[in-house]
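Q: predicted model and sequence follow; I will ask about them next.
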Amino acid sequence: MIGADSLRGWPIFLIALSLVFVALYNTRYYFVTLAQDPATEWTFAYDLVQAIDFLKTLEGDNPYVYFFSGRWSYNYETRRFLLPQISGEDRSKEFGTFSLNESLDHREVVYLLMPPYENLIGEIMKKYPGGNYQELKKPDGRFVYGAYLLAN
């Protein structure tokens, strides 16, 4: 027969086991499940950061960015923090004055297109031939950004 003294440690053991289980579950949820959730990418401007990382790779004189996005302004805090050295302006209907015209004041120009403006690339390429176009899509085929680099 089991005595009362031998059962005294079980409640503490069960509480400790419960705490370890909850800690492991929450850690996995936070670092795996939540981190891979599409809502997390939406909340933390993942697509904008991808576009900013592309702009950081551009060589030569600091290009001037014509920014088209239905979601963010070129003056959005994420861009201002991660890429303060590259000048640009909003060209989207939501945040600026919509225009595809290039100003000749700049040596290099980048048309950065984010949803829902990805379909403008054909019109821009026709108007300003000879540029270099690059785009990024997610593995599921969704458009992240397109960039058309023109050197004057």
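A: Nice, I can see it. Numbering: from 1, shown residues only.
Q: all strands of this structure, in order?
A: Listed in chain order, the strands of the chain (DSSP state E) span 64-68, 88-90, 108-113, 132-137, 143-151.
Q: I'd like to know which of the ones you listed is closest to residue 7.
A: Residue 7 lies closest, by C-beta to C-beta, to one member of those: strand 143-151, at 59.4 Å. Every C-beta, even on glycine, is put in place using the N, C-alpha and C of the backbone.
Q: please parse this structure into its domains.
A: If the domains of the chain are taken from automatic domain parsing, they occupy 4-36, 44-151, with pieces of a single domain joined by a plus sign.
Q: mean pLDDT for the ones you listed: which is lowest?
A: Mean pLDDT is lowest for domain 4-36 out of the domains of the chain, coming in at a mean of 85.
Q: so how far is that one off the chain centroid?
A: Its chain's C-alpha centre lies 35 Å from the corresponding centre of domain 4-36 when counted by C-alpha atoms, centre = their mean, to the nearest Å.
Q: hmm, back to that, pick the most deeply packed of the domains of the chain.
A: Of the domains of the chain, the one with the most neighbours on average (mean count of other C-beta atoms under 10 Å) is domain 44-151, at a mean of 16.
Q: so how far is it from its chain's centroid?
A: A distance of 13 Å separates the centroid of the chain from that of domain 44-151, by C-alpha atoms, centre = their mean.
Q: what's the end-to-end length of it?
A: Counting by C-alpha to C-alpha, to the nearest Å, you get 32 Å between the two ends of domain 44-151.
Q: swap in stretch 58-71?
A: Start-to-end span of stretch 58-71 (C-alpha to C-alpha) is 23 Å.
Q: so what touches that stretch?
A: Residues outside stretch 58-71 that contact it (C-beta atoms under 8 Å, 6 or more residues apart in numbering): 48, 55, 73-74, 85-92, 94-96, 102-103, 105-117, 120, 149, 151.
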